[in-house]
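Participant: Sequence first, then the predicted structure:
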Amino acid sequence: GAVVSQHPSRVICKSGTSVKIECRSLDFQATTMFWYRQFPKQSLMLMATSNEGSKATYEQGVEKDKFLINHASLTLSTLTVTSAHPEDSSFYICSASVPLAGGSDTQYFGPGTRLTVL
Amino acid sequence: GESVGLHLPTLSVQEGDNSIINCAYSNSASDYFIWYKQESGKGPQFIIDIRSNMDKRQGQRVTVLLNKTVKHLSLQIAATQPGDSAVYFCAEIPETSGSRLTFGEGTQLTVNP
């Protein structure tokens, strides 16, 4: 259980175009999903918290107008990188929050999306 | 083999040896910790977790130890196999952060056949 998928796994786009990445929880419902960015040989950096039915909460320094997040259903969150530039090239990973007995939630991660902006 | 986290981000061990990966966390209010394994080009994979009211938890070939006094977490892998080669991250959830994770910098484990 607790499988999270992402689509596409890889995308190459031209500078100035927009790219949409989907994150789905396949066998459970997730009211909260998270979007991370990871550069080579570095840790994951939280970009934003995606809440079903409400606006996303962005981390400091992350441009909300550039990284549009939509969490329209309990199984799908999307991240749209608008007007992408080469510096946006990165590995984008989503996760879904799963509540645990006794409090605290754990997170299960998707396989990631490699974005390359030419 | 043993790593010391921030100062030794790589750990190389022989197949069959036990591995110890260390992590220092900073927030004394954290009450839940998770170890993740990330293979190249893939998303992090849940390995094992532990709550702050415990000091040890065992899984299949893995053991997590938590020392709250010195804010230290370790992951022990028994009989390390080549398939264990990956980057290992510790993550903490502070009590007041909802379910937001804070990741450590990661340790690259390489298992030599």
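Facilitator: Structure's in. What do you need?
Participant: For the rest of this, base every contact and every neighbour count on C-alpha atoms.
Facilitator: Fine.
Participant: Output the helix or strand hosting B:Ile21 as CSV - backbone C-alpha positions only.
Facilitator: According to DSSP states H and E, B:Ile21 maps onto strand B:19-24. Extracted in CSV, the C-alpha atoms of strand B:19-24 (Å, rounded to 0.1, in the frame of the first residue of the first chain):
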residue,chain,number,x,y,z
SER,B,19,26.8,-0.6,8.2
ILE,B,20,26.1,2.2,10.6
ILE,B,21,24.8,5.5,9.2
ASN,B,22,24.6,8.4,11.6
CYS,B,23,22.5,11.5,11.7
ALA,B,24,22.5,14.5,14.0
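Participant: Does that strand reach chain A?
Facilitator: No: Strand B:19-24 lies apart from chain A when judged by C-alpha under 8 Å from any C-alpha of the partner chain; the minimum separation is 13.2 Å.
Participant: distance between that strand and the chain's centre?
Facilitator: Centre-to-centre, strand B:19-24 and its host chain are 6 Å apart (C-alpha atoms, centre = their mean, to the nearest Å).
Participant: Run through the neighbouring helices and strands of it.
Facilitator: strand B:72-77 (3 or more C-alpha pairs under 8 Å, 6 or more residues apart in numbering or on different chains; DSSP states H and E).
Participant: Paired strands for the strand it packs on, with orientation please.
Facilitator: strand B:19-24 (antiparallel), strand B:62-67 (antiparallel) (DSSP bridges).
Participant: Please produce a markdown table containing these, extended by distance to A:Ser50, mean neighbour count and mean pLDDT.
Facilitator: Shown next, in a markdown table, are the strands paired with strand B:72-77 (distance: least, C-alpha to C-alpha, whole Å; neighbours: other C-alpha atoms under 10 Å in any protein chain shown; pLDDT from 0 to 100):
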| stretch | distance to A:Ser50 | mean neighbour count | mean pLDDT |
| --- | --- | --- | --- |
| strand B:19-24 | 28 | 23 | 95 |
| strand B:62-67 | 30 | 19 | 97 |
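Participant: So which residues on chain A come close to chain B?
Facilitator: Going by C-alpha under 8 Å from any C-alpha, the residues of chain A near chain B are A:42-45, A:93, A:97, A:104-106, A:108-112.
Participant: tell me the least confident of the residues you listed?
Facilitator: In terms of pLDDT, the lowest of these is A:Ser104, showing 70.
Participant: Compute the number of surrounding residues for it.
Facilitator: 19 (other C-alpha atoms under 10 Å in any protein chain shown).
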